[in-house]
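Trainee: here is a sequence together with a model predicted from it:
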Amino acid sequence: MNSFLRTFRDVELRSTGKWFGLSGLVGAFAGLGAIGFHWIGQLVAHYAFVTTSGFPMTEAAGEGQMFEAVPSVLNPWIMLLVMAIGGLASGMLVYIWAPEAEGHGTDAAIDAFHNKRGEIRARIPIIKTIASAITLGTGGSAGREGPIAQIGAGVGAILGKILKLSARDRRILMAAGMGAGVGAIFRAPLAGALFAGEILYRDADLESDVIVPAAVSSTIAYSVFCFSLPPELRFVPLFGREVGFAVTSPLELLPYTILAIVLVIAGAAYIKGFYFTRDVFRKIPILPHFKPMLGAVLAGLVGLAVYYSFGKNTDALAVLGSGYGTLQKALDASETLALSLLVTIALVKIVTTSLTISSGGSGGVFGPSMVIGGCLGASVGKVMHWCLPALVTQPKAFVIVGMAGFFAGCARAPFSTIIMVSEMTGDYRLLLPTLWVSTLCFLLGSRWTLYEKQVPTRLDSPAHRGDFIVDVLEGMQVADVFRKNVDLISFHEGATLDEIVHQLPYSHQRYFPVMDDQGHMIGIFSADDVRSYLFNDSIWKVANARDVMTQVVVSVAPDDDLNTALTRFTLLNVDELPVIDPKNPAKLLGMIRRQETIAAYNRKRLEHKQRTEEQAK
């Protein structure tokens, strides 16, 4: 076993075999984790919620129901009781055993990547699986992306720890596991791979190192998960087969632009409401173990209020649970859903999701975002069809575009979201308007993000801090920094040690070039080299600069980059280096200090930060 572990550790990062094996292993375990999460969630939903309270738990067409629905009438009091018990059970599990598993989970995985060297405690995937299945199974308004992302990330982190991989390798495996879980549970392997690299950053940046490992792991996880489904549902998109929408005119981008504006406004309200609710719950003076129960009860009351206000319309209960059933109906037959109901579901779903997750409940934000965006898309599509029937002939297409655009703006992940929604619906013919709306939402919504632990770019990630010192310095030259036209104190090779000792106190230099009769530099010495002679003044008149200096001079040229200079500073453990003329190595042009090199880096870093802040305004 030890030799096996050493084999994996010793292979270089770029080794195809190593990463194919590791990523495949992570994908297999993440796929099994997705199966367990899916199975436990349906088990809890069927026996603890649907059967006891009569809640009409409907799902997407390709979801794969393990239990047959039993026709029954909703009992609101039993429903509230079950939701309260579910919130309490989830809160107890999380806050006793793994507080990191609270909330939507994706932020915790992002934080582990940037700030915790890719380390996640082994119990997290287990606790997250059970707690999230309970939250979702008992009617909590939450999604699956956060839990499965944290579960998959935990699998990758645990494997990296067992194999004693480096911090960088652990981070890559962790991100690959995150992508694998998402790719499996949403039947979107390509999107899972992109999600793993894109979700880590707030601006238009990508963690390129994780894409290929995440592609392998996502493919394996998707395959493992799909083979657990009935044969007729294997490799079927989550929302069924192709929906058959298409773009018929470039002018359709105009109403889609209106949709993008609506989505940005709703996204800002969603994010602000989500974190406002979290801050309110944090101030409530009770143990955090009980707060998810309070959030679940309040969400249930809000859901019932909507249910009764629409005449006991079961479609209105999409504000609770996953809401995918109503979203499926909006795709298949949105004309049967009233505009007022669609708008209400979208707005109230923001409230119930905030109450469920911001109170400390365990669940993701992707599913609710799909419902909010899809219902808003359906609403805008209806209005545009009424106003411009000749132009907007397929109002249901706005459902798909709304799903993608809303989450792309809120999560700062446009490309993975575009691919994910396309894979979930099995249709790429709406790629043009989806790309257009998602890009607009990404740009217009740059001030807000659902994931607080995202950093703007790779340059801002603590995980890459060392890498980017090199990258920034490689873009700058010694000529930009070293001291030019400064009177440097140098000594003739025949200068006595007595002359040197009496001149040093009047100089702030630490390193002194030694010149020959022609003014060529032949060596260099430091103040420390002279200090060893201070207590032996008998040789001050005998020894000279040539005796003190070293002839092996490590130098830099003006066109060298600052990374080269920093490497030589570190290699020799010196604070100054001579800058020489590359055409005439004996010609001294000046000196460059380590302090100046670091200051130049800090200036560049500050300039980048200021640019980022200005772009965010």
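Mentor: Arrived safely, thanks for sending. Numbers count the residues shown, from 1 in each chain.

Trainee: so where's the stretch 201-350 of the chain shaky on pLDDT?
Mentor: Under the criterion pLDDT under 70, the flagged ranges of the stretch 201-350 of the chain are 240-244, 333-334.

Trainee: try 90
Mentor: Flagging of the stretch 201-350 of the chain using pLDDT under 90 yields the residue ranges 203-210, 212, 226-252, 311-318, 321-338.

Trainee: quick one: the helices in it?
Mentor: Along the stretch 201-350 of the chain, the segments classed as helices by DSSP state H, counting those that start in this stretch run 211-226, 253-283, 291-309, 324-333, 339-357.

Trainee: list the buried residues for the last one?
Mentor: By neighbour count, and taking 16 or more other C-beta atoms under 10 Å as the criterion, the buried residues in helix 339-357 are 341-357. Every C-beta, even on glycine, is put in place using the N, C-alpha and C of the backbone.

Trainee: which helices and strands sit right next to the helix or strand following that helix?
Mentor: Once helix 339-357 ends, the next helix or strand along the chain (criterion: DSSP states H and E) is helix 366-387. With contacts defined as 3 or more C-beta pairs under 8 Å, 6 or more residues apart in numbering; DSSP states H and E, the secondary structure elements packing on helix 366-387 are helix 145-162, helix 253-283, helix 324-333, helix 339-357, helix 397-411.

Trainee: just name the most buried of these.
Mentor: For these, average neighbour numbers computed from mean count of other C-beta atoms under 10 Å are highest in helix 397-411, which has a mean of 31.

Trainee: helices or strands up against whatever helix or strand comes next after that helix?
Mentor: If you walk from helix 397-411 toward the C-terminus, the next helix or strand you reach (DSSP H and E) is helix 414-425. When contacts are defined as 3+ C-beta pairs under 8 Å, 6+ apart, helix 414-425 packs onto helix 189-198, helix 397-411, helix 431-444.

Trainee: wait, which of the ones you listed is closest to Glu499?
Mentor: Ranking these by distance to Glu499, with C-beta to C-beta as the measure, places helix 189-198 first at 62.8 Å.

Trainee: starting at the chain centroid, how far to that closest one?
Mentor: Between the centre of helix 189-198 and the centre of its chain there are 11 Å (C-alpha atoms, centre = their mean, to the nearest Å).

Trainee: closest to the centroid, which residue in this structure?
Mentor: For the chain, the residue nearest the mean C-alpha position is Leu200 (1.7 Å; C-alpha atoms, centre = their mean).

Trainee: grab the nearest non-local neighbour of it.
Mentor: Nearest non-adjacent residue to Leu200, counting by C-beta to C-beta, 6 or more residues apart in numbering: Glu207, 5.1 Å away.

Trainee: try Met293
Mentor: In space, Met293 comes closest to Gly87 once its chain neighbours are excluded; the distance is 3.7 Å by C-beta to C-beta, 6+ apart.

Trainee: also Gly373?
Mentor: In space, Gly373 comes closest to Phe406 once its chain neighbours are excluded; the distance is 2.7 Å by C-beta to C-beta, 6+ apart.

Trainee: and for Gly54?
Mentor: Nearest residue to Gly54, sequence neighbours excluded (C-beta to C-beta, 6+ apart): Ser72, at 3.8 Å.

Trainee: same check, this time on Ala188
Mentor: Glu423 (3.7 Å).

Trainee: output the below-cut-off pLDDT ranges for the stretch 451-600 of the chain.
Mentor: Applying pLDDT under 90 to the predicted model, the residue ranges of the stretch 451-600 of the chain that meet it are 452-453, 455-600.

Trainee: how does it look with 70?
Mentor: Across the stretch 451-600 of the chain, residues meeting the criterion (pLDDT under 70) sit at 465-475, 484-486, 532, 534-538, 571-572.

Trainee: longest single strand anywhere in this protein?
Mentor: As assigned by DSSP state E, the longest strand anywhere in the chain is strand 584-593.

Trainee: which parts of that one are buried?
Mentor: Along strand 584-593, these residues count as buried under the neighbour rule (16+ other C-beta under 10 Å): 588-593.

Trainee: closest one of those to Leu93?
Mentor: For the buried residues of strand 584-593, the closest approach to Leu93 (C-beta to C-beta) belongs to Arg593, at 56.5 Å.

Trainee: for the closest one, which residues count as its bridge partners?
Mentor: Bridge pairing for Arg593 (DSSP bridges) gives the partners Glu576.

Trainee: I'd say it and Val579 touch.
Mentor: No: under the criterion of C-beta atoms under 8 Å, Arg593 makes no contact with Val579, lying 10.8 Å away.

Trainee: assumed Pro513 was part of a strand.
Mentor: Yes: secondary structure of Pro513 (DSSP: H, G, I helix; E, B strand; the rest coil): part of a strand.

Trainee: report the separation between it and Leu562.
Mentor: Relative to Leu562, Pro513 is positioned 21 Å away (C-beta to C-beta, to the nearest Å).

Trainee: show me which of those two is the more surrounded one.
Mentor: Neighbours were tallied for Pro513 and for Leu562 using other C-beta atoms under 10 Å; the higher tally belongs to Leu562 (28 against 23).

Trainee: hmm, back to that, if we compare the helices of the stretch 201-350 of the chain, which one ends up closest to Thr58?
Mentor: Of all the helices of the stretch 201-350 of the chain, helix 324-333 sits nearest to Thr58, with 2.5 Å by C-beta to C-beta.

Trainee: give me the distance from the closest one to the chain's centre.
Mentor: Averaging C-alpha positions (C-alpha atoms, centre = their mean) puts helix 324-333 29 Å from its chain's average.

Trainee: stretch 217-235 now?
Mentor: Computed by C-alpha atoms, centre = their mean, the chain-centroid distance of stretch 217-235 equals 25 Å.

Trainee: same question for stretch 581-601.
Mentor: The gap between the average C-alpha position of stretch 581-601 and the chain average comes to 40 Å, counting by C-alpha atoms, centre = their mean.

Trainee: quick check: bridge partners of Met521?
Mentor: Met515.

Trainee: quick check: it vs Gly494, distance?
Mentor: Going from Met521 to Gly494 by C-beta to C-beta gives 15 Å.

Trainee: rewinding a little: let's have the helices of the stretch 201-350 of the chain in a markdown table, adding distance to Lys116.
Mentor: Below are those laid out as a markdown table (distance: least, C-beta to C-beta, whole Å):
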| stretch | distance to Lys116 |
| --- | --- |
| helix 211-226 | 19 |
| helix 253-283 | 21 |
| helix 291-309 | 24 |
| helix 324-333 | 33 |
| helix 339-357 | 22 |
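
Trainee: which among the ones you listed is found nearest to Gly140?
Mentor: Once C-beta to C-beta is applied to these, the stretch that comes out nearest is helix 339-357, at 4.3 Å.

Trainee: helix 366-387 and the closest one, what's the angle between them?
Mentor: On the basis of axes from the mean of the first three to the mean of the last three C-alpha atoms, to 10 degrees, helix 339-357 is oriented at 160 degrees to helix 366-387.

Trainee: how's the protein carved up into domains?
Mentor: According to the domain assignment given by automatic domain parsing, the chain is divided into the following structural domains: 2-238, 250-452, 467-601.

Trainee: now the longest one, how far from the centre of its chain.
Mentor: When you say that, I think you mean domain 2-238. Using C-alpha atoms, centre = their mean, the mean C-alpha position of domain 2-238 is found 15 Å from that of the whole chain.

Trainee: please apply the same query to stretch 248-264.
Mentor: Between the mean C-alpha position of stretch 248-264 and that of its chain there is a distance of 28 Å (C-alpha atoms, centre = their mean).

Trainee: from now on call the first residue 660
Mentor: Got it, first residue is 660 now, which makes that one stretch 907-923.

Trainee: just the CA atoms of it, as CSV, please.
Mentor: Listed in CSV are the C-alpha atoms of stretch 907-923, where the atom choice follows Å, rounded to 0.1, in the frame of the first residue of the first chain:
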residue,chain,number,x,y,z
THR,A,907,-36.3,32.6,-36.0
SER,A,908,-35.1,36.1,-36.2
PRO,A,909,-32.1,38.2,-34.9
LEU,A,910,-34.7,40.8,-33.8
GLU,A,911,-35.7,38.4,-31.1
LEU,A,912,-32.6,39.6,-29.2
LEU,A,913,-34.5,42.8,-28.4
PRO,A,914,-37.2,41.2,-26.2
TYR,A,915,-34.5,38.9,-24.7
THR,A,916,-32.6,42.1,-23.7
ILE,A,917,-35.7,43.2,-21.8
LEU,A,918,-35.6,39.7,-20.1
ALA,A,919,-32.0,40.3,-19.1
ILE,A,920,-32.8,43.6,-17.4
VAL,A,921,-35.6,41.9,-15.5
LEU,A,922,-33.3,39.1,-14.4
VAL,A,923,-30.6,41.4,-13.2
